[in-house]
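Asker: kindly return the folded structure for what I paste below:
(chains A and B)
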Amino acid sequence: MYVAVKGGEAAILATHDLVAEARRGDAAVPEISVAQIREQQGLACARVMNEGSLYDADLAALALKQAQGDVIEAAFLMRAYRTTLPRFGSSEPIDTARMAIRRRVSATYKDLPGGQVLGPTYDYTHRLFDFALMDNESVMVGPDPTISGQDGASGANAAGDARVKPEHDAKPLDSHMPRVPDILGAEGLMEPEIAPEGDPRPFDLTREPVSFPADRDVRLQAMARGDEGFLLGLGYSVQRGFGNSHPFVGEIRVGEVSVEFVPEELGFAVDLGEITLTECQMVNQFAGSKDVPPQFTRGYGLAFGHSERKAMSMSLVDRALKCREFGEAAQYPAQQDEFVLYHSDNVEAAGFVEHLKLPHYVDFQGELELIRRIRKERAERLANETEALPEAAE
Amino acid sequence: MAVLSRASRAEIAALLGPDLPEHEVLKAPEIGTVMVEGRAGGAGRRFNLGEATVTRCVVRLADGLMGFSYALGRDARKARLAAILDARLQAQAPGSALHQAVGALAARQATARDLASRKAAATKVDFFTLVRGA
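Answerer: Take a look at the predicted model:
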(Lines give C-alpha, C1' and ligand atoms only; values in the text may rest on other atoms or scores of the structure.)
Protein backbone atom coordinates (compact mmCIF):
# COMPACT_ATOMS: atom_id res chain seq x y z
CA MET A 1 0.00 0.00 0.00
CA TYR A 2 1.26 3.45 -0.87
CA VAL A 3 1.29 5.96 1.98
CA ALA A 4 1.38 9.60 0.87
CA VAL A 5 3.97 12.11 2.00
CA LYS A 6 3.70 15.83 2.63
CA GLY A 7 6.14 18.69 2.34
CA GLY A 8 8.89 19.61 -0.07
CA GLU A 9 6.99 22.56 -1.54
CA ALA A 10 10.01 24.83 -1.75
CA ALA A 11 12.15 22.14 -3.39
CA ILE A 12 9.38 21.35 -5.87
CA LEU A 13 9.02 25.01 -6.83
CA ALA A 14 12.78 25.22 -7.30
CA THR A 15 12.76 22.15 -9.54
CA HIS A 16 10.05 23.74 -11.70
CA ASP A 17 12.40 26.68 -12.25
CA LEU A 18 15.30 24.38 -12.95
CA VAL A 19 13.40 22.25 -15.47
CA ALA A 20 12.37 25.42 -17.31
CA GLU A 21 16.02 26.38 -17.48
CA ALA A 22 17.05 22.92 -18.65
CA ARG A 23 14.33 23.00 -21.28
CA ARG A 24 15.55 26.31 -22.63
CA GLY A 25 19.14 25.11 -22.86
CA ASP A 26 21.89 27.55 -23.78
CA ALA A 27 20.32 31.02 -23.87
CA ALA A 28 22.76 32.00 -26.62
CA VAL A 29 20.98 29.58 -28.97
CA PRO A 30 17.68 30.92 -30.39
CA GLU A 31 14.54 29.47 -28.85
CA ILE A 32 12.58 26.99 -30.99
CA SER A 33 9.00 27.99 -31.81
CA VAL A 34 5.93 25.77 -31.66
CA ALA A 35 5.28 26.48 -35.35
CA GLN A 36 8.80 25.31 -36.19
CA ILE A 37 8.23 22.04 -34.35
CA ARG A 38 4.84 21.58 -36.02
CA GLU A 39 6.24 22.17 -39.50
CA GLN A 40 9.70 20.63 -39.21
CA GLN A 41 9.19 17.80 -36.69
CA GLY A 42 5.90 16.58 -38.11
CA LEU A 43 6.58 12.89 -37.62
CA ALA A 44 7.26 13.42 -33.92
CA CYS A 45 4.05 15.47 -33.68
CA ALA A 46 2.16 12.60 -35.34
CA ARG A 47 3.42 10.17 -32.73
CA VAL A 48 2.39 12.50 -29.92
CA MET A 49 -1.08 12.89 -31.46
CA ASN A 50 -1.46 9.10 -31.73
CA GLU A 51 -0.27 8.23 -28.26
CA GLY A 52 -1.96 11.29 -26.78
CA SER A 53 -5.09 10.19 -28.68
CA LEU A 54 -5.85 13.77 -29.75
CA TYR A 55 -5.48 15.18 -33.25
CA ASP A 56 -4.12 18.72 -32.95
CA ALA A 57 -0.73 19.40 -34.52
CA ASP A 58 -0.26 22.73 -32.68
CA LEU A 59 -0.85 21.12 -29.30
CA ALA A 60 1.40 18.19 -30.17
CA ALA A 61 4.16 20.65 -31.06
CA LEU A 62 3.60 22.58 -27.84
CA ALA A 63 3.67 19.32 -25.89
CA LEU A 64 6.97 18.35 -27.49
CA LYS A 65 8.45 21.76 -26.71
CA GLN A 66 7.26 21.67 -23.12
CA ALA A 67 8.45 18.09 -22.63
CA GLN A 68 11.87 18.75 -24.18
CA GLY A 69 11.10 16.24 -26.92
CA ASP A 70 10.10 13.44 -24.53
CA VAL A 71 7.36 11.81 -26.60
CA ILE A 72 5.67 9.93 -23.76
CA GLU A 73 5.67 12.99 -21.50
CA ALA A 74 4.22 14.95 -24.44
CA ALA A 75 1.50 12.32 -24.96
CA PHE A 76 0.70 12.61 -21.24
CA LEU A 77 0.21 16.39 -21.66
CA MET A 78 -2.18 15.74 -24.56
CA ARG A 79 -4.18 13.21 -22.55
CA ALA A 80 -4.39 15.54 -19.58
CA TYR A 81 -5.57 18.45 -21.73
CA ARG A 82 -8.12 16.28 -23.51
CA THR A 83 -9.85 15.51 -20.22
CA THR A 84 -10.61 19.24 -19.80
CA LEU A 85 -12.53 19.45 -23.09
CA PRO A 86 -16.19 18.69 -23.67
CA ARG A 87 -16.85 16.11 -26.36
CA PHE A 88 -19.33 17.31 -28.97
CA GLY A 89 -19.93 13.80 -30.27
CA SER A 90 -18.53 11.26 -32.71
CA SER A 91 -17.67 11.83 -36.35
CA GLU A 92 -19.17 9.92 -39.20
CA PRO A 93 -16.83 6.97 -39.88
CA ILE A 94 -14.06 8.37 -42.10
CA ASP A 95 -13.78 6.98 -45.63
CA THR A 96 -10.17 6.15 -46.46
CA ALA A 97 -11.10 5.23 -50.05
CA ARG A 98 -11.67 8.97 -50.59
CA MET A 99 -8.33 9.94 -49.12
CA ALA A 100 -6.37 12.65 -50.96
CA ILE A 101 -3.40 10.37 -51.52
CA ARG A 102 0.15 11.54 -50.79
CA ARG A 103 1.61 8.06 -50.65
CA ARG A 104 0.25 4.68 -51.56
CA VAL A 105 2.25 1.52 -52.03
CA SER A 106 1.46 -2.16 -52.28
CA ALA A 107 3.77 -5.11 -51.90
CA THR A 108 1.24 -7.49 -53.41
CA TYR A 109 0.45 -5.91 -56.77
CA LYS A 110 2.90 -4.27 -59.13
CA ASP A 111 0.25 -2.67 -61.28
CA LEU A 112 -2.72 -1.57 -59.32
CA PRO A 113 -5.53 0.77 -60.31
CA GLY A 114 -4.48 4.30 -59.37
CA GLY A 115 -0.80 3.39 -59.35
CA GLN A 116 1.98 3.10 -56.80
CA VAL A 117 2.81 6.51 -55.37
CA LEU A 118 5.99 6.70 -53.31
CA GLY A 119 5.23 10.13 -51.84
CA PRO A 120 7.56 11.50 -49.18
CA THR A 121 9.40 8.47 -47.81
CA TYR A 122 12.75 7.66 -46.25
CA ASP A 123 12.47 4.09 -47.58
CA TYR A 124 14.82 4.64 -50.49
CA THR A 125 17.32 6.93 -48.81
CA HIS A 126 20.78 5.74 -47.88
CA ARG A 127 20.67 6.85 -44.27
CA LEU A 128 23.75 8.98 -44.72
CA PHE A 129 23.98 12.22 -42.80
CA ASP A 130 23.10 15.33 -44.73
CA PHE A 131 25.56 17.73 -43.19
CA ALA A 132 24.05 20.59 -45.15
CA LEU A 133 21.20 20.42 -42.62
CA MET A 134 23.67 21.11 -39.87
CA ASP A 135 24.41 24.72 -39.14
CA ASN A 136 27.95 24.18 -40.24
CA GLU A 137 30.24 25.82 -42.73
CA SER A 138 32.23 22.75 -43.73
CA VAL A 139 29.44 21.14 -45.69
CA MET A 140 30.07 17.62 -46.88
CA VAL A 141 27.73 16.24 -49.47
CA GLY A 142 27.25 12.50 -49.77
CA PRO A 143 26.40 10.42 -52.83
CA ASP A 144 22.72 10.27 -51.89
CA PRO A 145 20.43 12.16 -54.31
CA THR A 146 18.06 12.93 -51.42
CA ILE A 147 20.81 14.96 -49.78
CA SER A 148 20.53 18.66 -50.32
CA GLY A 149 22.81 20.64 -52.58
CA GLN A 150 23.09 17.99 -55.26
CA ASP A 151 21.72 17.98 -58.75
CA GLY A 152 19.89 14.72 -58.46
CA ALA A 153 16.89 13.42 -60.30
CA SER A 154 14.64 15.99 -58.63
CA GLY A 155 15.31 18.65 -61.26
CA ALA A 156 14.79 16.38 -64.23
CA ASN A 157 11.63 16.34 -66.31
CA ALA A 158 10.54 15.69 -69.85
CA ALA A 159 11.59 19.16 -70.97
CA GLY A 160 15.01 18.78 -69.34
CA ASP A 161 14.59 22.22 -67.77
CA ALA A 162 15.66 22.30 -64.13
CA ARG A 163 13.35 25.25 -63.41
CA VAL A 164 10.34 23.11 -64.25
CA LYS A 165 9.31 21.04 -61.25
CA PRO A 166 8.51 17.35 -61.79
CA GLU A 167 4.87 17.89 -60.83
CA HIS A 168 4.49 20.19 -63.84
CA ASP A 169 4.05 17.22 -66.16
CA ALA A 170 2.11 15.09 -63.72
CA LYS A 171 -1.63 14.67 -63.76
CA PRO A 172 -3.37 14.71 -60.39
CA LEU A 173 -4.06 11.32 -58.83
CA ASP A 174 -7.49 9.73 -58.92
CA SER A 175 -9.76 11.13 -56.24
CA HIS A 176 -11.05 7.66 -55.49
CA MET A 177 -8.53 4.88 -55.18
CA PRO A 178 -9.73 1.36 -54.41
CA ARG A 179 -8.28 -0.20 -51.28
CA VAL A 180 -6.09 -3.12 -52.36
CA PRO A 181 -7.68 -5.81 -50.14
CA ASP A 182 -11.01 -4.92 -51.73
CA ILE A 183 -9.54 -5.96 -55.11
CA LEU A 184 -8.84 -9.42 -53.65
CA GLY A 185 -12.22 -9.27 -51.97
CA ALA A 186 -13.94 -8.86 -55.32
CA GLU A 187 -12.43 -12.23 -56.29
CA GLY A 188 -13.66 -13.79 -53.07
CA LEU A 189 -10.09 -14.61 -52.01
CA MET A 190 -10.09 -12.22 -49.06
CA GLU A 191 -11.83 -12.44 -45.74
CA PRO A 192 -14.63 -9.87 -46.11
CA GLU A 193 -14.72 -6.81 -43.84
CA ILE A 194 -18.34 -5.90 -43.32
CA ALA A 195 -20.01 -3.93 -40.58
CA PRO A 196 -21.94 -6.11 -38.14
CA GLU A 197 -25.75 -6.11 -38.17
CA GLY A 198 -27.06 -2.61 -37.43
CA ASP A 199 -23.61 -0.96 -37.71
CA PRO A 200 -23.33 -0.53 -33.91
CA ARG A 201 -21.63 2.39 -32.17
CA PRO A 202 -18.11 1.42 -31.23
CA PHE A 203 -17.06 0.74 -27.64
CA ASP A 204 -15.15 3.62 -26.11
CA LEU A 205 -12.45 2.58 -23.68
CA THR A 206 -12.07 6.16 -22.45
CA ARG A 207 -15.60 5.96 -21.06
CA GLU A 208 -16.15 2.33 -20.09
CA PRO A 209 -13.93 -0.29 -18.48
CA VAL A 210 -12.57 -2.94 -20.84
CA SER A 211 -13.50 -6.58 -20.29
CA PHE A 212 -12.01 -9.67 -21.87
CA PRO A 213 -12.14 -11.25 -24.36
CA ALA A 214 -12.16 -7.82 -26.02
CA ASP A 215 -13.94 -7.21 -29.30
CA ARG A 216 -12.14 -5.89 -32.34
CA ASP A 217 -13.35 -2.28 -31.93
CA VAL A 218 -11.86 -2.22 -28.42
CA ARG A 219 -8.60 -3.73 -29.62
CA LEU A 220 -8.26 -1.31 -32.51
CA GLN A 221 -8.93 1.71 -30.29
CA ALA A 222 -6.42 0.51 -27.71
CA MET A 223 -3.76 -0.05 -30.36
CA ALA A 224 -4.44 3.28 -32.07
CA ARG A 225 -3.46 5.03 -28.81
CA GLY A 226 -0.88 2.40 -27.88
CA ASP A 227 2.86 2.81 -27.77
CA GLU A 228 4.53 2.52 -31.16
CA GLY A 229 7.57 0.76 -29.73
CA PHE A 230 5.50 -1.81 -27.85
CA LEU A 231 3.41 -2.60 -30.94
CA LEU A 232 6.51 -2.67 -33.13
CA GLY A 233 8.12 -5.24 -30.84
CA LEU A 234 4.98 -7.38 -30.79
CA GLY A 235 4.57 -7.06 -34.57
CA TYR A 236 8.19 -8.14 -34.98
CA SER A 237 7.61 -11.10 -32.67
CA VAL A 238 4.78 -12.51 -34.79
CA GLN A 239 6.97 -12.33 -37.88
CA ARG A 240 9.80 -14.12 -36.11
CA GLY A 241 7.76 -17.15 -35.11
CA PHE A 242 6.02 -16.01 -31.92
CA GLY A 243 2.67 -15.82 -33.65
CA ASN A 244 3.11 -17.53 -36.98
CA SER A 245 2.42 -14.65 -39.32
CA HIS A 246 4.58 -13.25 -42.08
CA PRO A 247 2.13 -11.28 -44.17
CA PHE A 248 2.27 -9.05 -47.23
CA VAL A 249 1.61 -5.36 -47.14
CA GLY A 250 -1.57 -5.25 -49.19
CA GLU A 251 -1.44 -1.50 -49.05
CA ILE A 252 -0.14 1.47 -47.15
CA ARG A 253 -1.75 4.81 -47.87
CA VAL A 254 -1.05 8.23 -46.42
CA GLY A 255 -3.04 11.35 -47.10
CA GLU A 256 -5.78 13.72 -46.06
CA VAL A 257 -9.29 12.62 -45.17
CA SER A 258 -12.31 14.81 -44.47
CA VAL A 259 -13.92 14.54 -41.06
CA GLU A 260 -17.69 14.87 -41.08
CA PHE A 261 -19.81 15.49 -38.03
CA VAL A 262 -23.56 15.87 -37.57
CA PRO A 263 -24.24 18.58 -34.95
CA GLU A 264 -27.50 18.01 -33.10
CA GLU A 265 -28.74 21.53 -33.74
CA LEU A 266 -28.15 21.32 -37.50
CA GLY A 267 -29.14 17.73 -38.24
CA PHE A 268 -26.93 17.45 -41.31
CA ALA A 269 -23.29 16.46 -41.76
CA VAL A 270 -20.79 19.32 -41.51
CA ASP A 271 -17.31 18.99 -43.00
CA LEU A 272 -14.92 19.93 -40.18
CA GLY A 273 -11.83 19.94 -42.37
CA GLU A 274 -9.13 17.40 -43.09
CA ILE A 275 -6.84 15.27 -41.01
CA THR A 276 -3.80 13.33 -42.16
CA LEU A 277 -4.06 9.58 -41.71
CA THR A 278 -1.95 6.51 -42.41
CA GLU A 279 -3.69 3.24 -43.17
CA CYS A 280 -2.11 -0.19 -43.48
CA GLN A 281 -3.79 -3.36 -44.67
CA MET A 282 -1.86 -6.59 -44.20
CA VAL A 283 -2.69 -9.64 -46.27
CA ASN A 284 -2.11 -12.77 -44.25
CA GLN A 285 -2.21 -16.42 -45.03
CA PHE A 286 -5.25 -18.46 -45.24
CA ALA A 287 -7.89 -19.60 -42.94
CA GLY A 288 -10.70 -21.83 -44.01
CA SER A 289 -13.14 -24.21 -42.48
CA LYS A 290 -15.70 -26.81 -43.46
CA ASP A 291 -18.03 -24.04 -44.58
CA VAL A 292 -15.57 -21.40 -45.85
CA PRO A 293 -12.98 -22.17 -48.53
CA PRO A 294 -9.39 -21.10 -47.76
CA GLN A 295 -8.96 -17.35 -48.10
CA PHE A 296 -6.53 -14.61 -47.19
CA THR A 297 -7.07 -12.92 -43.84
CA ARG A 298 -6.55 -9.29 -42.91
CA GLY A 299 -4.85 -7.15 -40.36
CA TYR A 300 -5.75 -3.48 -40.12
CA GLY A 301 -3.87 -0.45 -38.89
CA LEU A 302 -4.92 3.20 -38.86
CA ALA A 303 -3.05 6.11 -37.32
CA PHE A 304 -3.05 9.91 -37.15
CA GLY A 305 -0.49 11.75 -39.27
CA HIS A 306 2.20 10.10 -41.34
CA SER A 307 2.86 7.14 -39.04
CA GLU A 308 3.71 4.15 -41.18
CA ARG A 309 5.62 2.08 -38.67
CA LYS A 310 2.78 2.49 -36.19
CA ALA A 311 0.07 1.55 -38.70
CA MET A 312 2.07 -1.48 -39.90
CA SER A 313 2.76 -2.72 -36.38
CA MET A 314 -0.88 -2.25 -35.46
CA SER A 315 -2.05 -4.27 -38.45
CA LEU A 316 0.33 -7.13 -37.60
CA VAL A 317 -0.91 -7.27 -34.02
CA ASP A 318 -4.54 -6.83 -35.14
CA ARG A 319 -4.22 -10.00 -37.21
CA ALA A 320 -2.50 -11.86 -34.38
CA LEU A 321 -5.30 -10.87 -31.99
CA LYS A 322 -7.91 -12.27 -34.40
CA CYS A 323 -6.68 -15.79 -33.60
CA ARG A 324 -9.82 -16.56 -31.61
CA GLU A 325 -12.05 -15.70 -34.59
CA PHE A 326 -10.14 -18.19 -36.75
CA GLY A 327 -9.95 -20.91 -34.11
CA GLU A 328 -6.16 -20.61 -33.78
CA ALA A 329 -4.46 -21.29 -30.45
CA ALA A 330 -3.43 -18.12 -28.60
CA GLN A 331 0.05 -19.29 -27.65
CA TYR A 332 2.10 -16.13 -27.98
CA PRO A 333 2.02 -12.69 -26.33
CA ALA A 334 0.84 -10.86 -29.47
CA GLN A 335 -2.18 -13.17 -29.66
CA GLN A 336 -3.34 -12.52 -26.10
CA ASP A 337 -5.69 -9.56 -26.00
CA GLU A 338 -5.49 -9.09 -22.24
CA PHE A 339 -1.70 -8.94 -22.37
CA VAL A 340 -1.58 -6.60 -25.36
CA LEU A 341 -4.36 -4.23 -24.29
CA TYR A 342 -3.25 -3.96 -20.67
CA HIS A 343 0.34 -3.13 -21.59
CA SER A 344 0.18 -1.10 -24.80
CA ASP A 345 -0.77 2.25 -23.25
CA ASN A 346 2.49 4.06 -22.60
CA VAL A 347 0.97 6.78 -20.41
CA GLU A 348 -0.40 4.12 -18.06
CA ALA A 349 2.76 2.04 -18.30
CA ALA A 350 5.03 5.02 -17.66
CA GLY A 351 2.85 6.06 -14.73
CA PHE A 352 3.08 2.69 -13.07
CA VAL A 353 6.75 2.13 -13.77
CA GLU A 354 7.74 5.66 -12.80
CA HIS A 355 5.64 5.83 -9.65
CA LEU A 356 8.33 3.61 -8.16
CA LYS A 357 10.57 6.64 -7.81
CA LEU A 358 8.11 8.50 -5.59
CA PRO A 359 8.68 8.32 -1.84
CA HIS A 360 7.78 4.85 -0.54
CA TYR A 361 9.25 5.48 2.90
CA VAL A 362 6.51 3.83 4.94
CA ASP A 363 6.28 0.77 2.66
CA PHE A 364 10.01 0.36 2.71
CA GLN A 365 10.17 0.84 6.48
CA GLY A 366 7.69 -2.01 6.77
CA GLU A 367 9.79 -4.27 4.55
CA LEU A 368 12.93 -3.30 6.42
CA GLU A 369 11.39 -4.29 9.73
CA LEU A 370 10.10 -7.51 8.24
CA ILE A 371 13.45 -8.60 6.87
CA ARG A 372 15.18 -7.73 10.14
CA ARG A 373 12.66 -9.83 12.03
CA ILE A 374 13.01 -12.76 9.60
CA ARG A 375 16.78 -12.64 9.89
CA LYS A 376 16.60 -12.44 13.66
CA GLU A 377 14.26 -15.40 13.81
CA ARG A 378 16.48 -17.36 11.46
CA ALA A 379 19.55 -16.59 13.53
CA GLU A 380 17.72 -17.69 16.68
CA ARG A 381 16.51 -20.85 15.00
CA LEU A 382 20.00 -21.72 13.78
CA ALA A 383 21.39 -21.04 17.24
CA ASN A 384 18.79 -23.32 18.79
CA GLU A 385 19.52 -26.02 16.23
CA THR A 386 23.29 -25.97 16.88
CA GLU A 387 22.56 -26.16 20.60
CA ALA A 388 20.10 -28.97 19.98
CA LEU A 389 22.37 -30.96 17.64
CA PRO A 390 25.02 -32.18 20.11
CA GLU A 391 22.23 -33.38 22.37
CA ALA A 392 20.70 -35.33 19.49
CA ALA A 393 24.08 -36.90 18.76
CA GLU A 394 24.43 -38.17 22.28
CA MET B 1 -18.99 25.31 -44.32
CA ALA B 2 -16.42 22.87 -45.78
CA VAL B 3 -14.67 25.79 -47.47
CA LEU B 4 -14.71 27.92 -44.33
CA SER B 5 -13.48 25.09 -42.10
CA ARG B 6 -10.42 24.77 -44.36
CA ALA B 7 -9.83 28.52 -44.63
CA SER B 8 -7.43 30.43 -42.42
CA ARG B 9 -8.60 33.08 -39.99
CA ALA B 10 -7.02 35.78 -42.18
CA GLU B 11 -8.88 34.56 -45.28
CA ILE B 12 -12.21 34.67 -43.50
CA ALA B 13 -11.45 38.09 -42.01
CA ALA B 14 -10.59 39.37 -45.48
CA LEU B 15 -13.93 38.17 -46.83
CA LEU B 16 -15.82 39.95 -44.08
CA GLY B 17 -13.93 43.20 -44.47
CA PRO B 18 -12.92 45.60 -41.72
CA ASP B 19 -16.43 46.36 -40.41
CA LEU B 20 -18.08 43.38 -38.83
CA PRO B 21 -21.88 43.39 -39.02
CA GLU B 22 -23.69 43.80 -35.72
CA HIS B 23 -24.22 40.40 -34.21
CA GLU B 24 -25.18 38.61 -31.06
CA VAL B 25 -23.07 35.66 -29.95
CA LEU B 26 -25.59 32.92 -29.13
CA LYS B 27 -22.97 30.33 -28.34
CA ALA B 28 -19.53 31.73 -27.60
CA PRO B 29 -16.68 30.00 -29.42
CA GLU B 30 -16.23 26.72 -27.61
CA ILE B 31 -13.30 24.34 -27.92
CA GLY B 32 -14.14 20.68 -27.60
CA THR B 33 -13.45 17.39 -29.30
CA VAL B 34 -15.06 15.07 -31.77
CA MET B 35 -14.24 11.39 -31.55
CA VAL B 36 -13.00 10.35 -34.98
CA GLU B 37 -14.34 6.97 -36.03
CA GLY B 38 -12.73 4.59 -38.46
CA ARG B 39 -13.80 1.25 -39.86
CA ALA B 40 -11.85 -2.00 -39.49
CA GLY B 41 -10.38 -2.85 -42.87
CA GLY B 42 -11.69 0.48 -44.17
CA ALA B 43 -15.26 -0.78 -44.59
CA GLY B 44 -16.03 -3.03 -41.64
CA ARG B 45 -16.83 -2.57 -37.98
CA ARG B 46 -16.67 0.99 -36.61
CA PHE B 47 -14.03 1.78 -34.01
CA ASN B 48 -12.81 4.89 -32.19
CA LEU B 49 -9.53 6.08 -33.65
CA GLY B 50 -9.03 9.02 -31.29
CA GLU B 51 -10.35 12.51 -30.72
CA ALA B 52 -9.68 15.71 -32.65
CA THR B 53 -10.00 19.26 -31.36
CA VAL B 54 -12.95 21.19 -32.79
CA THR B 55 -14.17 24.75 -32.22
CA ARG B 56 -17.77 25.78 -32.74
CA CYS B 57 -19.69 29.04 -32.56
CA VAL B 58 -23.24 30.29 -33.16
CA VAL B 59 -24.12 33.93 -33.85
CA ARG B 60 -27.25 35.86 -34.80
CA LEU B 61 -27.13 38.94 -37.00
CA ALA B 62 -29.31 42.01 -36.45
CA ASP B 63 -31.62 40.76 -39.23
CA GLY B 64 -32.27 37.59 -37.22
CA LEU B 65 -30.26 35.19 -39.38
CA MET B 66 -28.26 32.61 -37.48
CA GLY B 67 -24.78 31.56 -38.50
CA PHE B 68 -22.94 28.41 -37.42
CA SER B 69 -19.34 27.36 -37.59
CA TYR B 70 -17.67 24.07 -36.85
CA ALA B 71 -14.03 23.48 -37.71
CA LEU B 72 -11.06 21.38 -36.61
CA GLY B 73 -8.58 23.15 -34.39
CA ARG B 74 -8.78 25.63 -31.55
CA ASP B 75 -9.07 29.02 -33.25
CA ALA B 76 -11.88 30.79 -31.36
CA ARG B 77 -11.58 34.05 -33.33
CA LYS B 78 -11.83 32.17 -36.63
CA ALA B 79 -14.88 30.28 -35.33
CA ARG B 80 -16.68 33.55 -34.58
CA LEU B 81 -15.77 35.13 -37.92
CA ALA B 82 -16.80 31.98 -39.80
CA ALA B 83 -20.18 31.95 -38.02
CA ILE B 84 -20.77 35.60 -38.98
CA LEU B 85 -19.80 34.85 -42.56
CA ASP B 86 -22.09 31.81 -42.58
CA ALA B 87 -25.02 34.01 -41.51
CA ARG B 88 -24.20 36.69 -44.09
CA LEU B 89 -23.96 34.10 -46.86
CA GLN B 90 -27.47 32.89 -46.07
CA ALA B 91 -28.82 36.43 -46.50
CA GLN B 92 -27.36 36.83 -49.96
CA ALA B 93 -28.35 35.46 -53.33
CA PRO B 94 -26.16 32.64 -54.71
CA GLY B 95 -24.59 34.91 -57.36
CA SER B 96 -23.70 37.75 -54.98
CA ALA B 97 -20.22 39.15 -54.58
CA LEU B 98 -19.76 37.41 -51.22
CA HIS B 99 -20.74 34.02 -52.65
CA GLN B 100 -18.38 34.61 -55.53
CA ALA B 101 -15.57 35.45 -53.12
CA VAL B 102 -16.19 32.22 -51.22
CA GLY B 103 -16.21 30.45 -54.59
CA ALA B 104 -12.81 31.95 -55.33
CA LEU B 105 -11.56 30.73 -51.95
CA ALA B 106 -12.87 27.24 -52.77
CA ALA B 107 -11.06 27.41 -56.11
CA ARG B 108 -7.81 28.35 -54.33
CA GLN B 109 -8.22 25.38 -52.00
CA ALA B 110 -8.88 23.11 -55.00
CA THR B 111 -5.74 24.43 -56.69
CA ALA B 112 -3.69 23.66 -53.59
CA ARG B 113 -5.15 20.16 -53.45
CA ASP B 114 -4.44 19.69 -57.14
CA LEU B 115 -0.82 20.78 -56.70
CA ALA B 116 -0.35 18.41 -53.75
CA SER B 117 -1.84 15.60 -55.80
CA ARG B 118 0.43 16.34 -58.76
CA LYS B 119 3.46 16.44 -56.46
CA ALA B 120 2.48 12.98 -55.22
CA ALA B 121 1.82 11.83 -58.79
CA ALA B 122 5.37 12.86 -59.73
CA THR B 123 6.57 10.08 -57.38
CA LYS B 124 4.46 7.43 -59.12
CA VAL B 125 6.62 4.43 -59.73
CA ASP B 126 6.62 1.46 -62.06
CA PHE B 127 8.29 -1.48 -60.40
CA PHE B 128 9.27 -4.40 -62.56
CA THR B 129 10.22 -7.84 -61.36
CA LEU B 130 13.52 -9.37 -62.29
CA VAL B 131 13.60 -12.93 -63.53
CA ARG B 132 16.33 -14.85 -61.78
CA GLY B 133 18.90 -16.58 -63.99
CA ALA B 134 17.57 -14.98 -67.16
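Asker: could you pull out the helices for the chain?
Answerer: I went with chain A, as the question did not name one. Assigned by DSSP state H, the helices in chain A fall at A:9-24, A:34-40, A:42-52, A:57-66, A:71-82, A:180-186, A:216-224, A:228-239, A:308-321, A:337-343, A:346-354, A:361-393.
Asker: chain B was what I was after
Answerer: Along chain B, the segments classed as helices by DSSP H run B:2-6, B:9-16, B:76-91, B:97-121.
Asker: hmm, the last one touching chain A?
Answerer: Yes - if you take C-beta under 8 Å from any C-beta of the partner chain as the test, helix B:97-121 does meet chain A, through B:Arg113, B:Asp114, B:Leu115, B:Ala116, B:Ser117, B:Arg118, B:Lys119, B:Ala120, B:Ala121. All C-beta spots, glycine's among them, are computed from the backbone N, C-alpha and C.
Asker: so where's the stretch 201-350 of chain A uncertain?
Answerer: A:287 (pLDDT under 70).
Asker: A:Val257: how many residues sit nearby?
Answerer: Using other C-beta atoms under 10 Å in any protein chain shown, A:Val257 has 21 neighbouring residues.
Asker: center of chain A, which residue is that?
Answerer: For chain A, the residue nearest the mean C-alpha position is A:Glu228 (3.6 Å; C-alpha atoms, centre = their mean).
Asker: so what's the nearest residue to it once chain neighbours are set aside up against?
Answerer: In space, and not counting its chain neighbours, A:Glu228 is closest to A:Lys310: 4.6 Å by C-beta to C-beta, 6 or more residues apart in numbering or on different chains. Residues near A:Lys310 by C-beta atoms under 8 Å, 6 or more residues apart in numbering or on different chains: A:Arg47, A:Asn50, A:Glu228, A:Leu231, A:Leu232, A:Thr278, A:Gly301, A:Ala303.
Asker: need the contact list for B:Arg6.
Answerer: B:Arg6 makes contact with A:Gly273, A:Glu274, B:Ala71, B:Gln109 under the criterion C-beta under 8 Å, 6+ apart.
Asker: the second one contacts A:Val259, correct?
Answerer: Think A:Glu274. Yes - with contact defined as C-beta atoms under 8 Å, A:Glu274 reaches A:Val259; the gap is 7.1 Å.
Asker: so which residues of the stretch 151-300 of chain A form strands?
Answerer: Assigned by DSSP state E, counting those that start in this stretch, the stretch 151-300 of chain A shows strands spanning A:248-261, A:270-287, A:295-304.
Asker: in chain B, what residue is nearest chain A?
Answerer: Nearest residue of chain B to chain A (C-beta to the nearest C-beta) works out as B:Gly41 at 3.0 Å.
Asker: model confidence for that residue, exactly?
Answerer: At B:Gly41, the predicted lDDT confidence score is 94.
Asker: quick one: it from A:Arg179, how far?
Answerer: Separation of B:Gly41 from A:Arg179 (C-beta to C-beta, to the nearest Å) stands at 8 Å.
Asker: who has more neighbours, these two?
Answerer: The neighbour comparison of B:Gly41 against A:Arg179 (other C-beta under 10 Å) goes to B:Gly41, with 28 against 21.
Asker: spatially, what comes nearest to the more buried one if we skip its sequence neighbours?
Answerer: That would be A:Glu193: by C-beta to C-beta, 6+ apart, it lies 3.0 Å from B:Gly41.
Asker: burial of the one you found, as a residue count?
Answerer: A:Glu193: 19 neighbours (other C-beta under 10 Å).
Asker: residues in contact with it?
Answerer: A:Pro181, A:Gly185, A:Arg298, A:Tyr300, B:Arg39, B:Ala40, B:Gly41, B:Gly42, B:Ala43, B:Gly44, B:Arg45.
Asker: tell me the pLDDT of it.
Answerer: 89.
Asker: measure it to A:Glu187 for me?
Answerer: 15 Å.
Asker: need the contact list for the closest residue to B:Ala76 other than its chain neighbours.
Answerer: Once flanking residues are discounted, B:Ala76 sits nearest to B:Pro29: 3.6 Å by C-beta to C-beta, 6+ apart. Contact analysis of B:Pro29 by C-beta under 8 Å, 6+ apart lists B:Thr55, B:Arg56, B:Cys57, B:Ala76, B:Arg77, B:Ala79, B:Arg80.
Asker: excluding chain neighbours, what is closest to the second one?
Answerer: So that's B:Arg56. Using C-beta to C-beta, 6+ apart, the closest residue to B:Arg56 is B:Tyr70 (4.8 Å).
Asker: neighbours around the one you found, how many?
Answerer: Neighbour count of B:Tyr70, defined by other C-beta under 10 Å: 25.
Asker: okay, the strands of the stretch 151-300 of chain A, which one's buried deepest?
Answerer: Of all the strands of the stretch 151-300 of chain A, strand A:295-304 has the most neighbours on average by mean count of other C-beta atoms under 10 Å in any protein chain shown, namely a mean of 26.
Asker: the residue of chain B closest to chain A and A:Gly299 touch, don't they?
Answerer: No - using C-beta under 8 Å, B:Gly41 makes no contact with A:Gly299, being 9.0 Å away.
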